[in-house]
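>>> Build the 3D model from these lines:
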Amino acid sequence: MHGSDKTDYRLQYAVGLFDLGMQAMALTGTGVGEKLSNFKTFGKDDLVIGDRAYCSKQGIEYLRRAGS
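Here you go, the predicted structure:
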């Protein structure tokens, strides 16, 4: 018996910058790409650092609306 030969799920994980604790987690199917709106925990004055997959016009607008 062996596992899948392809990606079945994506685990997206947000880590606290100072305590390295989990801030948010999203388990999605393969049809959902990496995007900031997968995380619902961003709020006022949060500092968000992401790699290039998260740098999009829609992602920046999502953070702006959240006050981050």
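>>> who's in contact with stretch 49-67?
Where contact means Cβ atoms under 8 Å, 6 or more residues apart in numbering, the residues beyond stretch 49-67 that reach it are L17, G33, E34, K35, L36, S37, F42, G43, K44, D45, D46, V48. Just so you know, the C-beta spots here come from the backbone N, C-alpha and C atoms, and that holds for glycine as well.
>>> neighbour-wise, which of those leads?
The most neighbours of any of the contacts of stretch 49-67, using other Cβ atoms under 10 Å, belong to L36, which has 22 neighbours.
>>> For A24, give its distance to Y9.
Computed as Cβ to Cβ, to the nearest Å, the A24 to Y9 distance reads 16 Å.
>>> Who has more neighbours out of these two?
With other Cβ under 10 Å as the criterion, A24 and Y9 differ in neighbour count, and A24 comes out ahead with 14 against 10.
>>> For the more buried one, name its beta-bridge partners.
A14 (DSSP bridges).
>>> Do I have it right that it meets L36?
No: using Cβ atoms under 8 Å, A24 and L36 do not qualify as a contacting pair, with a distance of 10.5 Å.
>>> And the strands in the chain?
9-15, 22-29 (DSSP state E).
>>> Point out where the chain drops to low pLDDT.
Counting by pLDDT under 70, the ranges of the chain that qualify are 1.
>>> those helices in the chain, which residues are they?
57-66 (DSSP state H).
>>> show me what contacts the closest residue to Y9 other than its chain neighbours?
Take Y9 and drop its neighbours on the chain: the residue closest to it by Cβ to Cβ, 6 or more residues apart in numbering is L27, 5.8 Å away. When the contact criterion is Cβ under 8 Å, 6+ apart, the partners of L27 are Y9, R10, L11, Q12.
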